[in-house]
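Participant: Fold the following.
(2 chains)
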Amino acid sequence: DAGVIQSPRHEVTEMGQEVTLRCKPISGHNSLFWYRQTMMRGLELLIYFNNNVPIDDSGMPEDRFSAKMPNASFSTLKIQPSEPRDSAVYFCASSLQGTGSYEQYFGPGTRLTVT
Amino acid sequence: KQEVTQIPAALSVPEGENLVLNCSFTDSAIYNLQWFRQDPGKGLTSLLLIQSSQREQTSGRLNASLDKSSGRSTLYIAASQPGDSATYLCAVKNTDKLIFGTGTRLQVFP
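Facilitator: Below you'll find the predicted structure:
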C-alpha cells in the first residue's frame, strides 16, 4: 500500500487566496483525520470523519476552514480566504476504527505558507 | 479535558546510551497510547501502540510501557544511534481522537 497520500507537498500563496489541500487515505480505512502542526501549538486535530461523515469539527479554527469527504478515498481541506497565521504543516491521517483501538497512519504533510 | 505532557522537551546524548522518554496524561480513560517519530520536515511514523489493557510493547531496540492508573508511559531506547535523532511524540486515544504531547527532541551524537 502507498500509505496516506497528500497533495500538494508545498503550497505558497498570498493572503486572501483560496487554498485546497487533498488527501487520499489508505484503502480500507474508514476514518480520516486532518491535523495542523505549528511550532507554537504543536499538533492539533482539526476535524475527523468516520465512514465519510464529519464527526467532530470542534478543532476547525473558524469559518474560513472547511473539509469534505465525498467518498472513502478522497478528502479536501479548504481555506478561504487564507491568512498568514494559517501558515503551518497540515497532516492527514487515516485508520480503521472499530472499538477505537487501531493505529493512525499519517501522510507526509502539506507545508502551507501564506504571505 | 485530556492533557498530554512529555519530559524532557529536548535531550542530547552520546551514541550508545540507553535512554528513557516520558509521557504523562491527565485522564486515564484511554483506549490506547501511541508513540510516533517525526524527522525534521517529515510526517509522523508510528513506532509502537499499546492497548489500554497492555503493559508494554517492544519493537527492536524500542520498548514502551504503559501505567494507565498513574497516567504514565515511557519509551525506552536501547543503545542509541545517531539515526535515532528525531522528535518523539506520544499520543493518547480518547474515543476516536488522538491527543498529542508536546514532543521530545532527541539528538544522538557520534
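Participant: Could you pull out the helices in chain A for me?
Facilitator: Taking DSSP state H, chain A contains no helices at all.
Participant: Give me the neighbour count for residue A:62.
Facilitator: 8 (other C-beta atoms under 10 Å in any protein chain shown). Every residue, glycine included, has its C-beta placed from N, CA and C.
Participant: again with residue A:22
Facilitator: Counted by other C-beta under 10 Å, the residues lying close to residue A:22 total 16.
Participant: Also residue A:90?
Facilitator: As a burial measure, residue A:90 scores 22 neighbours (other C-beta under 10 Å).
Participant: How about residue B:73?
Facilitator: Neighbourhood size, residue B:73 [other C-beta under 10 Å]: 27.
Participant: ok, now residue B:51?
Facilitator: 15.
Participant: right, and it touches residue B:32 too?
Facilitator: Yes: judged on C-beta atoms under 8 Å, residue B:51 makes contact with residue B:32 at a distance of 5.0 Å.
Participant: who does the one helix or strand in chain B whose mean pLDDT sits lowest touch, helix- and strand-wise?
Facilitator: For chain B, counting by mean pLDDT, DSSP states H and E, strand B:97-100 ranks last in confidence among helices and strands (a mean of 87). For strand B:97-100, the contact count by 3 or more C-beta pairs under 8 Å, 6 or more residues apart in numbering or on different chains; DSSP states H and E identifies strand A:42-50, strand B:86-94 as packing neighbours.
Participant: Kindly compare burial across those and name the winner.
Facilitator: strand B:86-94 (a mean of 23; mean count of other C-beta atoms under 10 Å in any protein chain shown).
Participant: Grab the most central residue of chain A for me.
Facilitator: When C-alpha atoms, centre = their mean is applied to chain A, the residue found nearest the centroid is residue A:34 (3.0 Å).
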